[in-house]
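Visitor: Got a sequence here, can you build the structure:
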Amino acid sequence: MLFIIDMQNDYVDNEKGKLSVPNATTIVPNIIQEIKKQEEQGEPIYYTLDQHATNEDERSEEEKQWGMELYPALKKVLKNHKAIKKDFHSISPEDAAGLREKYKDDPDRIIEIVGVETNVCVLSNAVMLHNSFPLASVRILKDMCVGTTSELHKEALDIMKSLKMEIKSSNES
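Guide: Purely as a prediction, here's the structure:
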């Protein structure tokens, strides 16, 4: 199972994105490769859409809508996969419970997580999924995640490792 976290225009587009994460565009090609690999393996693929709003957001409704859309390079490859909208850092407990019910708690299940921001939404979703699938292996593909800073990225990976999640590069998975 693959989870792609918040790869939306506002987070990925460094020119127009309201909440852009430095270097987010650099992980897009590898995420696309991972999507294709997971499709070939018949794995379910989910992506989150953060329904963010900022009080300082003076953009038009059209610009706000653009900000919440998937980054263009990912839009086409994810069109046949399931979006999960979220209003805060993580998918809701109800969505997580629905996934657990759908996939049961298979001890051989591997849940791989990629996206932005490692130190916020990747971490939050990894914890939610780890708690929802306690028998599964939760694997963070560290070279397909980007944090607010490289230091926060590394610290978040260390925290997830301490929570018994696997931290791997994509070529190790």
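
Visitor: Quick check: phi and psi on Glu117?
Guide: phi -90, psi 130 (degrees, to the nearest 10).

Visitor: Just give me the longest strand of this structure.
Guide: Criterion DSSP state E: the longest strand present in the chain is strand 137-146.

Visitor: What strands line up against it, and which way round?
Guide: strand 110-116 (parallel), strand 166-168 (parallel) (DSSP bridges).

Visitor: Export those as a markdown table, with columns for mean pLDDT, mean neighbour count and distance to Glu61.
Guide: Backbone N, C-alpha and C define where each C-beta goes, glycine included. Putting the strands paired with strand 137-146 into a markdown table (pLDDT from 0 to 100; neighbours: other CB atoms under 10 Å; distance: least, CB to CB, whole Å) gives the following:
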| stretch | mean pLDDT | mean neighbour count | distance to Glu61 |
| --- | --- | --- | --- |
| strand 110-116 | 97 | 25 | 24 |
| strand 166-168 | 96 | 16 | 39 |
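
Visitor: Next, format those strands as a markdown table and append distance to Asn9.
Guide: Shown next, in a markdown table, are the strands paired with strand 137-146 (distance: least, CB to CB, whole Å):
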| stretch | distance to Asn9 |
| --- | --- |
| strand 110-116 | 12 |
| strand 166-168 | 28 |
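
Visitor: now the strands for this protein?
Guide: For the chain, applying DSSP E gives strands covering 2-5, 45-50, 82-86, 110-116, 137-146, 166-168.

Visitor: Can I get those strands in TSV including distance to Gly98?
Guide: Below are the strands of the chain laid out as TSV (distance: least, CB to CB, whole Å):
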stretch	distance to Gly98
strand 2-5	14
strand 45-50	11
strand 82-86	9
strand 110-116	15
strand 137-146	18
strand 166-168	24
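
Visitor: and Thr25, which of those is closest to it?
Guide: strand 137-146 (9.2 Å; CB to CB).

Visitor: Only the buried residues of that closest one, if you could.
Guide: Val138, Arg139, Ile140, Leu141, Lys142, Met144, Cys145, Val146 (16 or more other CB atoms under 10 Å).

Visitor: Using PDB, list the CA coordinates for the helix or strand of the chain with the lowest mean pLDDT.
Guide: Lowest on mean pLDDT, DSSP states H and E among the helices and strands of the chain sits helix 61-68, with a mean of 91. Extracted in PDB, the C-alpha atoms of helix 61-68 (Å, rounded to 0.1, in the frame of the first residue of the first chain):
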ATOM      1  CA  GLU A  61     -11.300  31.400  -4.900                       C
ATOM      2  CA  GLU A  62      -9.800  30.100  -8.200                       C
ATOM      3  CA  GLU A  63      -6.300  30.600  -6.900                       C
ATOM      4  CA  LYS A  64      -7.200  28.800  -3.600                       C
ATOM      5  CA  GLN A  65      -8.700  25.900  -5.600                       C
ATOM      6  CA  TRP A  66      -5.500  25.700  -7.700                       C
ATOM      7  CA  GLY A  67      -3.400  25.500  -4.500                       C
ATOM      8  CA  MET A  68      -5.400  22.500  -3.200                       C
END
